[in-house]
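Enquirer: Sequence first, then the predicted structure, then my questions.
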Amino acid sequence: MTKTITLAQCRDELRKQLESYRALPEYILDGVGAGLQWLINRKAVTARATFLPPNASDQENQSFPSYWINGLAIGLFTFLLGLLISWLTGHAYSNDEYWLTGWAALTGGLALVANKVNIRAFLNTFHDSCLDKMLKVENIRDLEEWLSDNFKWWKPLFSGILIGPALGLLLYVSWLQNLPQNSSPNISPNYLVPQFHAGPLLTILLAGIQAVWVGYYLIPFYVAFPARLHRYHFDLYALDPSSSEVVGRLSGLLTFILYVTIAFIVWLTFGLTFVHVLTNSTPIPGLVFSAFVWLPTVILYGAGQFHLSTLITRAKWITLNEVQTKVEGLYNSSKIPDAGMLDRIDKLMDYHDRIKNTPDSGLDLRAIFNLINSLLLPILAFILANLKVATDFVNSVFGVKK
């Protein structure tokens, strides 16, 4: 005999699963935090009977080390590991290599932190509010299966190992080619043939793998999920769906993830320019960075808001169709409508137009201007830093000779 599960029970089951989910970068961050806690406060680890806290969202309220500390610890370990390899192979870091590997190691740790912040924001949004507004058991089951599939650890691990080293190698080669010949012993007499060293390369490759994970988890939670919203039925405010709590929460989630991602991209932009990877003499990294980082981030934010607007539009048309049915029913109820009937129809039409004129998006003009302002400074900095590259590229496309 099949047991019938209620909507409330289904919500409670998924809420418990939301508390247990961790992305792969979170396992690394929290694993380091649990190790630090075991060294500093072993009683806390013994008291909870599990190495990792069961709920990653409230672990810091239980004296668990902050993910910022854990990220810095991972960055320091990545830096020291490369330094150790260099020492074992008899290579002494130059000043340029200290700057490069220090920035790369810190970037890898920050990538894990950015990923954790985004994942927690997504899970907490549904755990605390949106889940209670879902109206169908099959929608909750669909979300449950989708989350289970996207929290499998082997997918990001494989992607990071496959893509991360390639990006790290591109960064290292570009950096070597941009060094002046007399600034470092890492350049061979032939300037176009760089000399690789295991220590710096290892640090950069590990940081590349960690940075790829930020982009990997953006694909399901920032790109694919908004496109699934039309499948789900939420309890929206019928008179103005754009003012519903769910719409505000989801729009705020997309904006928050965008801001965190932009902050990380700004760090990458200034960092790559500071360590002389994005320069006029190496246009390829700049083009790759623009094509695969800046442009998709902004476009996908717009796509996410578009899918959210479809949710609002569907809710509006449900109400509008009901009003239209009532108007037609009143109008067809008698051959010659009396004054009272016309007055009721007129009020329904006003009600219909009021709903129709409500916003179709969760964004307002102020939020759009804030978004533009947040993008303006880093984009201008990136363009100015690569102005000659962009000019030469445009001239080559249109056949303009210097």
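Expert: Everything's here; your move.

Enquirer: ok, and Arg138, which helix or strand is that part of?
Expert: For residue 138 the amino acid is Glu, not Arg. Assessed by DSSP states H and E, Glu138 sits inside helix 137-150.

Enquirer: any low-confidence regions in the stretch 51-200 of the chain?
Expert: For the stretch 51-200 of the chain, the stretches with pLDDT under 70 are 180-194.

Enquirer: And Pro220, how far from Tyr351?
Expert: As judged by CB to CB, to the nearest Å, Pro220 and Tyr351 stand 40 Å apart. Every residue, glycine included, has its C-beta placed from N, CA and C.

Enquirer: Kindly report the same for Pro156.
Expert: According to CB to CB, Pro156 stands 50 Å off from Tyr351.

Enquirer: Show me which of those two is the more surrounded one.
Expert: Neighbours were counted for Pro156 and for Tyr351 using other CB atoms under 10 Å; Pro156 has more, 22 against 16.

Enquirer: Wait, that one touches Gly215, no?
Expert: No - applying CB atoms under 8 Å as the test, Pro156 and Gly215 come out as separate, 9.9 Å apart.

Enquirer: average model confidence for the lengthiest helix in the chain?
Expert: Criterion DSSP state H: the longest helix present in the chain is helix 295-332. For helix 295-332, mean pLDDT is 79.

Enquirer: Could you identify the helix or strand that succeeds that helix?
Expert: Using DSSP H and E, the next helix or strand after helix 295-332 towards the C-terminus is helix 339-356.

Enquirer: chain center to that following helix: distance?
Expert: Remark: helix 339-356 is offset 45 Å from the chain centroid, using CA atoms, centre = their mean, to the nearest Å.

Enquirer: List of residues touching it?
Expert: Residues outside helix 339-356 that contact it (CB atoms under 8 Å, 6 or more residues apart in numbering) are 238-240, 316, 319-320, 323-324, 326-327, 330-331, 333-334, 337.

Enquirer: Show the average pLDDT along it.
Expert: On average, helix 339-356 scores 82.

Enquirer: Number of residues surrounding Glu13?
Expert: 14.

Enquirer: I'd like to know how far it sits from Phe225.
Expert: Counting by CB to CB, the gap from Glu13 to Phe225 is 20 Å.

Enquirer: Repeat that for Arg11.
Expert: 18 Å.

Enquirer: Same check on Leu36?
Expert: Applying CB to CB, the value for Leu36 to Phe225 is 33 Å.

Enquirer: okay, those two: which has more neighbours?
Expert: Phe225 (20 against 15).

Enquirer: what sits against that one?
Expert: 122, 146.

Enquirer: Number the chain from 157, please
Expert: Let's use 157 as the start, then, which means that last one is Phe381.

Enquirer: May I see the buried residues of the helix or strand hosting it?
Expert: Phe381 is part of helix 381-384 when elements are defined by DSSP H and E. Across helix 381-384, burial judged by 16 or more other CB atoms under 10 Å covers 381-382.

Enquirer: One more: stretch 297-312?
Expert: 299, 303, 306-307, 312.

Enquirer: closest to Thr245 among these?
Expert: Ranked by distance to Thr245 (CB to CB), the buried residues of stretch 297-312 are led by Pro312 at 30.5 Å.

Enquirer: which SS class is that closest one?
Expert: Three-state assignment for Pro312 (DSSP: H, G, I helix; E, B strand; the rest coil): helix.

Enquirer: and the gap between Thr281 and Leu299?
Expert: Distance from Thr281 to Leu299, by CB to CB: 12 Å.

Enquirer: what sits against the spatially closest residue to Tyr177 that is not a sequence neighbour?
Expert: In this structure, Tyr177 finds its nearest non-sequential neighbour in Phe307, 5.1 Å apart by CB to CB, 6 or more residues apart in numbering. Phe307 makes contact with 177-179, according to CB under 8 Å, 6+ apart.

Enquirer: who wins for neighbours among these?
Expert: Ala179 (25 neighbours).

Enquirer: and the residue lying closest to it once chain neighbours are set aside, what element?
Expert: The shortest distance from Ala179 to any non-neighbouring residue, by CB to CB, 6+ apart, is to Ile275 (4.8 Å). Assessed by DSSP H and E, Ile275 sits inside helix 251-284.
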